[in-house]
Structure formats: structure tokens, C-alpha cells
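> quick one, what's the 3D model for this:
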Amino acid sequence: MAFPIHNIELSREFYIKVIGCTLGRESDKWIDFNLYGHQVLAHLSPEDCTIPKTNPVDGDQIPARHFEKILPWDQWEDLCGNIKNDGVKFLIDPRKRFKNNAGEQGTFFIQDPSENVLEFRPFSNDSDIFIK
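Below you'll find the predicted structure:
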């Protein structure tokens, strides 16, 4: 996944300190991170940093353009705590969806300093990830 950013330093601080990524390669125009085993690449491109449009889903306005990462429950809860401790505002607060049903999951949404939206989710049963 590659995405635009407007500031290398702010992005480095956010993805390492708040999200817990490790730093990969970088230049003065881009920086890559290890996001829970996935390489994500931030390109300096301020003109492409825009607030995404939203769609209504289960009573929330979900950003149509976002990156989603599935985590185990314990990592998801730890990340929720880190985000709260760092004072980062949730776009959509942590919650559980589909309680006691197939597809039971947690979710929350945050934005990075360049308006890119990230969703983090755990599932109660990983075999339910693609259940209809």
C-alpha cells in the first residue's frame, strides 16, 4: 500500500510512536514502514492529501478510502490504549460489532497527520473474516 503524505517527520512520528510500526527504508521524498508485517509506503505528495468522502454504515460515516488491518484482540486492545494515551482522536471510537453473531468483531478508525484513514479490527473467530 502506498499513500500520500504532506510531511515526512510527522508521518514518521505517527506511524512509529502511535501505531507501533518499525522504520524501513527512506529518502527525502518517501518513507516505508513495517505495519504488522506489511510494507506500507508513504510518498511526499501534499497535493494528493485530501479528506476522504464517507458512506453510511451501521450508523457511522465510514471513510470510503481507508486502509484496514486485522489484528488479534490483544494487539487491538493494546493499540487502542496506546492511541488513547497519545491523545490521538478516534474518527470512530473502538466498539464491538455483531455481538454474539457470526462475524463478531471490534473496530475503530483513526486518521494520520495527512488525512489518511486507518481501520483496525480483530475478529472473535478468524474463520468469520469473510463470512457473509
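
> doesn't residue 125 make contact with residue 105?
No. The criterion here is CB atoms under 8 Å, and residue 105 misses it with residue 125 at 9.4 Å. C-betas here are computed from N, CA, C, even on glycine.

> neighbour-wise, which of these two wins?
residue 105 (20 against 11; other CB atoms under 10 Å).

> tell me the pLDDT at the more buried one?
According to the prediction, residue 105 has pLDDT 93.

> hey, what's it bridged with?
Residue 105 has the following beta-bridge partners by DSSP bridges: residue 97, residue 123.

> list the residues that contact it.
By CB atoms under 8 Å, 6 or more residues apart in numbering, the residues touching residue 105 are 96-98, 121-124, 128.

> and residue 79, that's in a helix?
Yes. If the criterion is DSSP: H, G, I helix; E, B strand; the rest coil, then residue 79 is within a helix.

> what about it, distance to residue 88?
11 Å (CB to CB, to the nearest Å).

> just the helices in the chain please.
Ranges of helices within the chain are 8-13, 73-85, based on DSSP state H.

> check which residues of the longest one are buried.
To tie it back to what came earlier, the one meant is helix 73-85. 76, 79-80, 83 (16 or more other CB atoms under 10 Å).

> from those, pick the one nearest residue 8.
residue 83 (21.4 Å; CB to CB).

> quick revisit: of all the helices of the chain, which lies closest to residue 49?
Among those, helix 8-13 sits nearest to residue 49 (CB to CB), with 10.4 Å.
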